[in-house]
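K.L.:
here is a sequence together with a model predicted from it:
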Amino acid sequence: MKGLWFLLLLAGCFTLCQAGQMYKYKDANGNWVFSDKPPVTEQDFSTVQFISPKKPSYKVQLYNVKNKQGYTLYAKNDFYAPIEVGFTSPISQTLISKVIPARGRIALLESKTKILSLDHRWALGAPNSVAENYQYHAPFSSPKGHRITQGFNGKFSHTNDYNKYAVDIAMDVGTYLTAVRAGTVVWVKDDYHMSGTTNYFLDKANVIKVLHDDGTFSSYAHILMDTAIVKEGDKVALGDKLARSGSSGFSTGPHLHFSIIKNAGLKNIAIPFKFVDNKGTAFTPKRAMIMVGASNP
């Protein structure tokens, strides 16, 4: 069935992606393996077509505008959320940080000559945002119980600042994921089809991020390719469907990697949070807990 899902998903993507070839075979435990290399042992295998997504266009752009004194270097933000940009001024050699509003632009520097390159970094969100003590609903609509397989400070992969307070919830491929809180969709990536546990897969997961009123983001990772129901800029209400769960990117199996993110000053970090169940009881998610979604799938 997993192989059938894979082939069905490929059908509608050739206008957006480039095709290639993969090998499909079963390992010693009878599990399906998809690889760019054939099996090392002599056994039956088949080849399937896979797709590599095109690189997305940059949403943070720097450009020069000529003026009477020389040039002004601007930064443009195409996200539906504010961003913070940090850089060292090539003129004063001082560290500068500026916030660009959603879908806006600001002047960064004035110079007599064009600034052809600027070493800079940016982070999604405003650094002065203060997270509210909000209690989040389950990020899925299935009434079936789903086990938390990794909680806060999980030893397998929840060890850095961006993942420290994330939660992994095991669920079947194709389970509907829902908004835990009202907000604006600011990030949608659902163009990747594979999973693995090597460093190659660290930046490959399909993700949806929703900006909330307090400046935090809810992040839903490892979603199934080509299943996003929302697009960037959409307003969502609590419980709205976002996409279907999968196992894309750095993943050992089908699950949702959920977290609440904020900008801590040119760095996005995960922050601790609580869920609330259908009876209104708040709880801190912990490993081995069983979570239940909304009563209507």
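P.N.:
Yep, it's here. Numbering: from 1, shown residues only.
K.L.:
what about the closest residue in space to Y71 that isn't next to it in sequence, how many neighbours?
P.N.:
Nearest residue to Y71, sequence neighbours excluded (Cβ to Cβ, 6 or more residues apart in numbering): N64, at 4.6 Å. To be clear about C-beta, it is placed using only N, CA and C from the backbone, and glycine gets the same treatment. N64 is flanked by 16 other residues according to other Cβ atoms under 10 Å.
K.L.:
what do you get for G239?
P.N.:
When neighbours are defined as other Cβ under 10 Å, G239 has 16 of them.
K.L.:
what's near enough to touch the closest residue to it other than its chain neighbours?
P.N.:
Using Cβ to Cβ, 6+ apart and skipping residues adjacent in sequence, the residue nearest G239 is T178, 5.3 Å away. Going by Cβ atoms under 8 Å, 6 or more residues apart in numbering, T178 touches H137, A138, P139, F140, S141, G239, D240, K241, L242, G293, A294.
K.L.:
try 7 Å this time
P.N.:
T178 is in contact with P139, F140, S141, G239, D240, K241, L242, counting by Cβ atoms under 7 Å, 6 or more residues apart in numbering.
K.L.:
most neighbours out of the residues you listed, which is it?
P.N.:
Highest neighbour count within the contacts of T178: F140, with 27 neighbours (other Cβ under 10 Å).
K.L.:
which residues does stretch 166-175 contact?
P.N.:
Residues outside stretch 166-175 that contact it (Cβ under 7 Å, 6+ apart): 5, 140, 142, 146-151, 158, 224, 244-247, 254-259, 270, 285, 291.
K.L.:
how about a cut-off of 6 Å?
P.N.:
For stretch 166-175, contacts defined as Cβ atoms under 6 Å, 6 or more residues apart in numbering pick out 140, 142, 146-151, 158, 244-246, 254-259, 270, 285.
K.L.:
which strand residues bridge the residue positioned nearest the centre of the chain?
P.N.:
With distances taken as Cα atoms, centre = their mean, V207 lies nearest the centre of the chain, 3.0 Å away. Counting by DSSP bridges, V207 is bridged to K189, A221.
K.L.:
then R121?
P.N.:
With DSSP bridges as the criterion, R121 is bridged to G86.
K.L.:
and what of A107?
P.N.:
Beta bridges link A107 to Y74 when assigned by DSSP bridges.
K.L.:
tally of neighbours for it?
P.N.:
Look at A107: counted by other Cβ under 10 Å, it has 12 neighbours.
K.L.:
from the centre of the chain, give me the residue that's furthest out.
P.N.:
In the chain, counting by Cα atoms, centre = their mean, K68 sits farthest out from the average C-alpha position, at 42.7 Å.
K.L.:
how far away is that residue from E110?
P.N.:
In this view, K68 and E110 are 11 Å apart by Cβ to Cβ, to the nearest Å.
K.L.:
test my guess that D234 contacts V185.
P.N.:
Yes: between D234 and V185 a contact is recorded at 4.5 Å, counting by Cβ atoms under 6 Å.
K.L.:
looking at the two, which is more packed in?
P.N.:
Neighbour comparison, D234 and V185: the larger count goes to V185, with 23 against 17 (by other Cβ under 10 Å).
K.L.:
any idea what that one is bridged to?
P.N.:
Beta-bridge pairing for V185 (DSSP bridges): V210.
K.L.:
check contacts around it.
P.N.:
With contacts defined as Cβ under 6 Å, 6+ apart, the neighbours of V185 are V210, V230, E232, D234.
K.L.:
separation between it and N278?
P.N.:
Taken as Cβ to Cβ, the span from V185 to N278 is 25 Å.
K.L.:
between all of the contacts of V185, which two are separated the most?
P.N.:
Spatial extent of these (Cβ to Cβ) is set by the pair V210 and E232 at 10.4 Å.
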